[in-house]
Structure formats: C-alpha cells, structure tokens
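K.L.:
Have a look at this prediction, sequence included:
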Amino acid sequence: MRLCVVFYPARGGIGPGTRQLAGFCPGRWLMLIALRLLFLVPAGEPVRSSDSNFPKAMDNVTVRQGENAVLRCTIDSGVTRVAWLNRSSILYAGKDKWSLDPRVVIVTHSKTEYSIQIVGVDVYDEGPYTCSVQTQNHPRTSRVHVIVQVPPKIVNISSSISVNEGSNVTLLCLAIGRPEPTMTWRHLSPPARGFVSDEYLEITGITREQAGEYECNAYNEVSSDVRKVQVIVNYPPYIPDTRNVGAAVGQKGILQCEAFAVPSADFEWYKEDRRLFNGLNGVQIKNNGDMSMLTFFNVSEEDYGNYTCVASNKLGTSNTSVLLFEVSEPTSSTQIQEEKTSTILANWKGPGAVLDGNNRASAGMTASLWLLAILFVHFLFKF
C-alpha cells in the first residue's frame, strides 16, 4: 500500500477551486484516476454547432461585485459525464464538488442543463470558466467569461487648500472601479459650474470669485462616488464706497466702514493723524466681521471733521475717508409752532375737501357761515 496525494492547484495556491485527495492507492486505482482526469480536462477543440451532443457556446456573464453569478451549460442525453472548471482547477465533476470555496454551489444537474452558481462574486472571480462534457466519442468544451463590475471609489483626492489670489491651483481626484470610472469636477458656489471630465482640475490665476467648494464625481455603469474639496482664496482688503454722516450737537452719530478681505481685515480709525481707541473721548469702536462702526454718543463741535478708516490683513492695506458733519436741530418753540400749524391744517377742510356721508349736514352749515362772513366784510368796507 502506498500513500497517494493528488493536488489540483487554484489561483494563488490552495483556495477556491482546489481539492486534495489523500489515501492508500493501489496501482490499479492510479490508472483509473488518470483515465478519469483525461476526459475531464478540456481537449482544446472548438465547439461545433453541428455536434448536438456537445455543450452550446455561452455568452459572457456580467455581474456586479457582491451579487450572484449563475453559469449555465446546456447539454442533452448523449452526454455521459460533465464538469465545471476555472482555468486549471476543477470546481464540480458531476455532482461531486472539488472546490473548497463554499460560495460555489451546483444549482441544476439534469439531462438538459448543468449549472453552477458563485455567491457574492468578487474581483478575483473574474475570468474564464469552462464546461467540459464527455460523450461516447471524446470530450468537448464550452467556455464563458465572467466579468465583475465594481462600483467606483475615490481613493485619492486633494486636501482642502488656502492660496493667494492669482495663484495657479491643481486639484487631483483618483478613483478605482470596473469599468474604469470617469471623473468630473464641479464648482458648487452659485451658480454651479461644471468642468471638462478629467482626473485633474487646473485653475490658472485663481480669483476670489472662484473660491468655495469643488466637487469630484467618479461614476461608471454601476454607481458613483462623490467627494468635496474646499478652496480658500486669500486677497487684500477692499473697501466699497462709504457714506458721510450728519449729526446734531448732543445727538448720537455712527460712522461705518465695510471691508471685504480673506483673511478678515483688522480695522483702525484715525482723525487727522491721531488714532482713536475704544472708550476714549466718548467714542466706541465695534468690529463685527467685515464691518467696523465708530459711535459718538454725544456729538460735540470738536467731533465734526474727516475720519479715516484703515483695513489691513497679511496681504495688504486699504483705507477710506468718512465725514461727520453738523446738521441743525429744530428748537422746542419751533417744534410747538409746527405742531399747532399741523393740527389746524389737519382739522380745517376747505371747499375742495372730500366729505363723508355723516358730515354732510355740518359741512353745509360751515359753508353757509363762511358765505355770510364774506358778505359782512364786503359791506363793512363798502360803507
């Protein structure tokens, strides 16, 4: 008695599609095993459409990663033995399973069909599979190619960056998948703008309007994967037109200065060559983001004049002038007189005034009295 070990290697060594047989093999059993393997191994002859006893040619099987793939082999009653092989590894011989991979199972074994299924297909399952049949004459084969589709996955993308205005920017987006994914870039700041499909997005002389989020979309026939990159564009302060402010003595006056900048600007206020500080000389300086406010709670004659707002960051400085000028405040006697005049004008309704239905009678009486008064004055001056 001799120990006999037979190896059928699969891809990558012992794994899916591998079977080991061990036992004590007499010489006659070695011959039987050799003969059995002889008809299981494909003869390499093409399938002939006129040979009805031989398996029909199969189309390629396309399946997404993680799904199940069914490989069907159509046969007839003239076939005596059948087997499924993956490259040089035997998966099934008749009803006997030779593969150690639990994902490979037989689903149909009849006189007309011999089919297997691979559960949860992965990338390494892609490749050729062979259905081999034995007839009374000699073996024939039919081959099918399994194509595994993989959803795209972005594996490398540029980090969020901060650059100075006018710089050149290159963004990278790399993805894997089957079929090979296509990449597109899009600027998400409104209005959203798309770019030519490519792994690289190159921006020459970037401007502040081109700051914001950029989206990379990798897609193929299976699905898509999306990632975003934040691009910050630094630029020196820019101060739009400011408005001069008028205030009366003793009243409150507020000067405003707005500056757009990245990073945010620091503000300083000056009157002539003298810098103003918060809380001194009855003024308050309050900064809030892009806005700075200089507040006078009790304006005096000395407060009138020209003020300079200076905004600066690490990239530059900008300044503007704001004028605080005097306006006259109405006196109390003038206000009382204006109020009396307004009251009289509001209550008096002249000949062209519009009257409602409830006041028509009183309006007629008033018109008659005015007419008598005018006639009385006329006769008084006549005599």
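P.N.:
Happy to help now that I have it.
K.L.:
list the contacts for E329?
P.N.:
For E329, the contacting residues are 248-251, by C-beta atoms under 8 Å, 6 or more residues apart in numbering. No exception for glycine: its C-beta is placed from N, CA and C like everyone else's.
K.L.:
Go again with 6 Å.
P.N.:
A248 (C-beta atoms under 6 Å, 6 or more residues apart in numbering).
K.L.:
now do I232
P.N.:
If you count contacts by C-beta under 6 Å, 6+ apart, I232 has them with S162.
K.L.:
List the beta-bridge partners for it.
P.N.:
S162 (DSSP bridges).
K.L.:
For the stretch 51-200 of the chain, which segments count as strands?
P.N.:
Using DSSP state E, counting those that start in this stretch, the strands found in the stretch 51-200 of the chain span residues 61-64, 69-74, 81-86, 89-93, 96-97, 104-109, 113-118, 127-134, 139-157, 161-164, 169-178, 182-187, 193-194, 200-203.
K.L.:
Where does the prediction get shaky in the stretch 51-200 of the chain?
P.N.:
Within the stretch 51-200 of the chain, the stretches with pLDDT under 70 are 51-58, 191-194, 196.
K.L.:
tell me the domain ranges of the chain?
P.N.:
Per the record's domain assignment (automatic domain parsing), the chain is made up of the domains 3-150, 158-235, 239-326.
K.L.:
Output the strands of the stretch 51-200 of the chain in JSON lines; the columns should cover distance to P240 and mean neighbour count.
P.N.:
Formatted as JSON lines, the strands of the stretch 51-200 of the chain follow (distance: least, C-beta to C-beta, whole Å; neighbours: other C-beta atoms under 10 Å):
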{"stretch": "strand 61-64", "distance to P240": "56", "mean neighbour count": "16"}
{"stretch": "strand 69-74", "distance to P240": "65", "mean neighbour count": "19"}
{"stretch": "strand 81-86", "distance to P240": "72", "mean neighbour count": "22"}
{"stretch": "strand 89-93", "distance to P240": "75", "mean neighbour count": "21"}
{"stretch": "strand 96-97", "distance to P240": "79", "mean neighbour count": "14"}
{"stretch": "strand 104-109", "distance to P240": "72", "mean neighbour count": "15"}
{"stretch": "strand 113-118", "distance to P240": "67", "mean neighbour count": "20"}
{"stretch": "strand 127-134", "distance to P240": "66", "mean neighbour count": "20"}
{"stretch": "strand 139-157", "distance to P240": "37", "mean neighbour count": "18"}
{"stretch": "strand 161-164", "distance to P240": "22", "mean neighbour count": "14"}
{"stretch": "strand 169-178", "distance to P240": "27", "mean neighbour count": "18"}
{"stretch": "strand 182-187", "distance to P240": "25", "mean neighbour count": "19"}
{"stretch": "strand 193-194", "distance to P240": "25", "mean neighbour count": "12"}
{"stretch": "strand 200-203", "distance to P240": "26", "mean neighbour count": "16"}
